[in-house]
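1. Structure for the following, please:
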Amino acid sequence: MSFVLSHHTSLDVICISESWLTADILSSEISLPHYTLFRLDRNRRGGGVAIYVKSNLSPSRIPLNLTSPIELLAVSIKFHSRSYNIAVFYRPPSQQDAIQQVINTLTPLGPSFSSKLILVGDFNINVCAPSPSPLSNQLQSLIDLLHLKQLVSSPTHFSHSGSPSTIDLVLSSSRIKAFTYVLPPIGNSDHSSIITSIKRHPFHTTSSTTHTTKKSWLYHKADVASINANLEEINWDQILSNDVNQSWSLFHQMFMQIVHRFTPLKEKSNHSYPPWLPRPLLQKMKYRRRIFSRATLSNSPQLWLQYRSLRNSISSEVKSNKARFFNSISKSPRQFWSFVRSLRKNKDPVPPLTSETQPTAKSNIDKANLLNSTFASFFTPTITSNPPPTSNLSPPHPPLSSFSPSPHSNPSCYSPSSPNSIPLGLPADFLCTQEIILRLISELPLNTSSGPDDVSSFLLKATASHIVSPLQHIFNLSLSQGTFPEVWKKSLVVPIPKTSPPSASPSDYRPISLLSLVSKLLEKHVHQILIDYLFSVGLISDSQFGFLPGRSTTTALVTVSQFILSSLDRSVPVCGLFLDVKKAFDSVSHQLLLDKLLALNLPSSLYSWFTSYLSDRQQSVRVGDSISSPIPVTSGVPQGSILGPLLFLLFVNDLSNVSLSPHSKMFLFADDILLLHPLVNPSADWTSLQTEIDSICTWMHKNSLSLNTSKSKYMIFSLSRHSVFDTLPLLYLNQSPIDRVFSYKYLGLIFTPTFSWSKHISFII
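-> This next block holds a predicted model:
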């Protein structure tokens, strides 16, 4: 099918007769970019029908009352104000009553169905036969009863003896103005391909086709030597100013002007071919099509012989090339996974999106705007102080700006005190050197996506020594003045479907932000300074396992397992409470985060820098080539950034300070919270556990976060069955009962109450 699309990229509906699909072949294995697949498989070898429909045509399957096992599949599509019913049919040569069964199935649907019908497929009835047959009479009855017309007049099937027949048909409603033309068979098939086009209301438009061309800079083919020579001649001191926004703007403008002067610009089409179809073979295929057209018109035995020879030769070459290609990538893991990623690229386009408050978004720009407003709905309102407590479960949350290490507790935790008691461990001289910038550039992965400014990793690496001076000026200007460049606060969001096929609900998409790579270099420098400082003064909680050097899911899982097993070895059951924070990264209050940063006693310019970094951010969503209007980002840590994960870690770091019993332990990994509470005395400890849950809820409320009740669960770990667990009262999360589970996937590992790994092994295998 990929080969078909590479030749006919404006096809909106692709009907396949004799699909030969079985239940063992997943739809995801044969999915096509921008298409929805419908299929009707045979439960034995051969046969079957399938339909691929452009996802933006709102396709839906039409239920058919099939009283006998005929191979008939129908879908409805919508285009602007018109709708069509597309059906595909396959009649095996031996099935004599299939046409009558089609009549019995379709006629009850009435004129509202047949007036919009286009029925295609391999009927195995030669409509060009010199004399009628009982089957052709049945076919004519079908045409008359449904008010259809048969559009194919050229031969579509050529036997090995060369005798042509017209058995692949297109039956269209008489109300639909359409025409067909016949193309050569694909591969070794002896059936021609048939294209049907609607005259007055074509299915495809420029926006709905996959065949598009756009101009693209071929940076990997740039004349790097000439670029560097021109960069060398620039006196940056005369250009760069003391305004960080102006300095970046001038640098970016001059840098890209020089780069584009020595970079080829090419009209790039998404008209792509598999790697086993080189240009000479494609030209040979084109010649084969010409021979087929001539043979069809003349019915010359010599031309048919030449056509079959070309067809067999091409099929042999394709098979040989394909085998060599897969043998080659099987020896290189990098090439293998690169090929796998290319197969998945653009497999899941965004279909028309539905919303309760807005009309269905069909165009890319409408989809982009709807997705952007959906993502923005996850933001929390801007606040200037902590919200008041909703209950008396715990005393009011103290000002976060007064936290410092407590001499009586774990030194990695916060406790109330004077802000001046926090040691000033951050170096006063935290500006960038050229050596630091060159190292940061060298550490950039070559295949990292460029941001909205189009400055790629390749360009940065190729010109590093010639741009390090202006970059140093911009970085240090930003740090010393406490100002983050405005243009770097604008992110371009790519929506990634959470499900396959993609959902029509905008809430079922995950935002992935593309940011400037240059801004990430500066962020990485600040990140290193901040993380070194936090570790040097012991401000990172031991409960934190995410986004930290030397800590990972592995260390978290090992520590969790050791805690549980240590308790079980003493015959003490453990209750594990798995809490899910709702939209955690999007909900972080900027003001509360700045309050917590203030408690770190950072140099004033660096604190101002973080204030600038978080303020006035904007995001736009890209769908296809369309970009939505920007929307202010009023909360959350910048996703896709270097500092975002660390800032989230700092925001939840004092969660481990909530009041816990001495033998309880909390584990934090990103937005996953695990509370382990040994049940030495089940009844008393159960009450204590509820108190701990209430304390966590209070902390969440004061920090403008909320827990997802439906996704939060608890499990009791025990090596023996205790009936007392069944009599314990319910645990509540914000007045909602928490479900008890007997298996739970935590950080990729499936836990069970008896610490058996059989479920996890079964899941992996």
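
2. Contacts made by the helix or strand harbouring residue 667 with the rest, please.
-> Applying DSSP states H and E as the criterion places residue 667 in strand 665-669. With contacts defined as Cβ atoms under 8 Å, 6 or more residues apart in numbering, strand 665-669 is touched by 541, 543-546, 553, 556, 559-560, 563, 652, 655-656, 658, 660, 673-676, 747. Bear in mind the C-beta positions are built from the backbone N, C-alpha and C, glycine included.

3. any weak-confidence spans in this structure?
-> 1-9, 80, 160-162, 199-214, 267-272, 341-348, 383-429, 500, 722 (pLDDT under 70).

4. in stretch 574-590, what counts as buried?
-> Neighbour-count burial for stretch 574-590 flags 574-579, 581-590 (criterion: 16 or more other Cβ atoms under 10 Å).

5. Next, the contact list for residue 693, please.
-> Per Cβ under 8 Å, 6+ apart, neighbours of residue 693: 577, 675, 731-733, 738.

6. Just give me the neighbour total for residue 52.
-> By the criterion of other Cβ atoms under 10 Å, residue 52 has 25 neighbours.

7. before we move on, back to that, among the contacts of strand 665-669, which are located in helices?
-> Within these, residues falling in helices by DSSP state H are 553, 556, 559-560, 563, 652.

8. isn't residue 695 right up against residue 657?
-> No: under the criterion of Cβ atoms under 8 Å, residue 695 is not in contact with residue 657, lying 9.7 Å apart.

9. Surely residue 645 forms part of a strand?
-> No: counting by DSSP: H, G, I helix; E, B strand; the rest coil, residue 645 is not found in a strand; it is helix.

10. what sits against it?
-> 546-547, 637, 670.

11. Just give me how far the strand holding residue 667 sits from the chain centre.
-> 29 Å (Cα atoms, centre = their mean, to the nearest Å).

12. Likewise for stretch 752-765?
-> How far stretch 752-765 lies from its chain's middle: 28 Å, per Cα atoms, centre = their mean.

13. Going by neighbour count, which residues of stretch 755-765 are buried?
-> residue 760.

14. got the contact list for that stretch?
-> With contact meaning Cβ under 8 Å, 6+ apart, stretch 755-765 is reached by 561, 564-565, 568, 717, 719, 743, 749-750, 752.

15. 7 Å - rerun?
-> Stretch 755-765 has contacts (Cβ atoms under 7 Å, 6 or more residues apart in numbering) with 564-565, 717, 743, 749-750, 752.

16. Can you say which of those are buried?
-> 564, 717, 749-750, 752.

17. Show me which of these is closest to residue 463.
-> Of all the buried ones among the contacts of stretch 755-765, residue 749 has the smallest distance to residue 463: 44.6 Å, by Cβ to Cβ.

18. What's opposite that closest one in the beta bridge?
-> Under the criterion DSSP bridges, residue 749 forms beta bridges with residue 746.

19. Any figure for the gap between it and residue 554?
-> Residue 749 is 10 Å from residue 554, where distance means Cβ to Cβ, to the nearest Å.

20. ends of stretch 566-581, how far apart?
-> One end of stretch 566-581 sits 28 Å from the other (Cα to Cα, to the nearest Å).

21. next one: stretch 719-729
-> OK, stretch 719-729 end separation, Cα to Cα: 21 Å.

22. And what about residue 78, helix, strand or coil?
-> Residue 78 carries the three-state label strand when classified by three-state DSSP.

23. and if you look at the one 5 residues further on?
-> Look at residue 83: counting by three-state DSSP, its state is strand.

24. circling back to that earlier point, and the buried ones among the contacts of stretch 755-765 as TSV, adding distance to residue 221?
-> Putting the buried ones among the contacts of stretch 755-765 into TSV (distance: Cβ to Cβ, whole Å) gives the following:
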residue	distance to residue 221
564	57
717	59
749	46
750	48
752	55
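
25. now, which of those sits nearest residue 39?
-> When these are compared against residue 39 (criterion: Cβ to Cβ), the nearest one is residue 750, at 32.2 Å.

26. Torsion angles phi and psi at the closest residue to the closest one other than its chain neighbours?
-> If the residues on either side of it in the chain are set aside, residue 750 comes closest to residue 760, at 3.9 Å by Cβ to Cβ, 6 or more residues apart in numbering. Residue 760 adopts backbone torsions of phi -70, psi -40, taken as degrees, to the nearest 10.

27. Residue 380 versus residue 760, what's the distance?
-> 36 Å.

28. One more: residue 667?
-> 25 Å.

29. Residue 455 too?
-> 32 Å.

30. what does residue 682 give?
-> In this view, residue 682 and residue 380 are 38 Å apart by Cβ to Cβ.

31. for the longest helix seen in the chain, packing partners?
-> Identified as the longest helix of the chain according to DSSP H is helix 301-329. Other helices and strands packing on helix 301-329, by 3 or more Cβ pairs under 7 Å, 6 or more residues apart in numbering; DSSP states H and E, are helix 279-298, helix 333-344.

32. export those helices to TSV and tack on mean neighbour count and distance to residue 532?
-> Below are the helices and strands packed on helix 301-329 laid out as TSV (neighbours: other Cβ atoms under 10 Å; distance: least, Cβ to Cβ, whole Å):
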stretch	mean neighbour count	distance to residue 532
helix 279-298	15	54
helix 333-344	12	33
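
33. Go through those helices and name the closest to residue 41.
-> Checking the helices and strands packed on helix 301-329 against residue 41 by Cβ to Cβ gives helix 333-344 as the closest, at 22.1 Å.

34. Show me what secondary structure element comes after the closest one.
-> Scanning forward in sequence from helix 333-344 by DSSP H and E, the next helix or strand is helix 364-376.

35. So what touches that following helix?
-> In contact with helix 364-376 (Cβ under 7 Å, 6+ apart) are residues 350, 353, 355, 358, 361, 493, 495, 506-507, 509, 511, 619-624, 626-629, 631.

36. For residue 460, what is the enclosing helix or strand?
-> Going by DSSP H and E, residue 460 is part of helix 457-481.

37. Distance from the chain centre to that helix, please.
-> With Cα atoms, centre = their mean as the basis, helix 457-481 stands 32 Å off its chain's centre.

38. which helices and strands does it pack with?
-> The contact analysis (3+ Cβ pairs under 7 Å, 6+ apart) places helix 457-481 against helix 224-232, helix 244-261, helix 434-442, helix 517-536, helix 604-614.

39. what sits up against the first one?
-> Put plainly, it is helix 224-232. Here helix 224-232 has contacts from 258-259, 262, 462-463, 466-467, using Cβ under 7 Å, 6+ apart.

40. give me that answer again for 10 Å
-> The contact list for helix 224-232 (Cβ atoms under 10 Å, 6 or more residues apart in numbering) reads 223, 254-255, 257-263, 458-459, 461-467, 469-470.

41. that older thread, widest-spaced pair of the contacts of residue 645?
-> 546 and 637 (12.7 Å).

42. who touches both of these two?
-> Counting by Cβ under 10 Å, 6+ apart, the residues touching both residue 546 and residue 637 are 645-646, 648-649.

43. Neighbours of residue 243, how many?
-> Neighbour count of residue 243, defined by other Cβ under 10 Å: 14.

44. ok, now how distant is it from residue 66?
-> According to Cβ to Cβ, residue 243 and residue 66 sit 72 Å apart.

45. Now do the same contact list for residue 246.
-> Residues in contact with residue 246 (Cβ under 10 Å, 6+ apart) are 239-240, 477, 485.

46. Okay, and the beta partners of the spatially most central residue of the chain?
-> Geometric centre of the chain, nearest residue: residue 496, 2.6 Å, by Cα atoms, centre = their mean. On the basis of DSSP bridges, residue 496 is bridged to residue 510.

47. wait, isn't it in contact with residue 514?
-> No: applying Cβ atoms under 10 Å as the test, residue 496 and residue 514 come out as separate, 11.9 Å apart.
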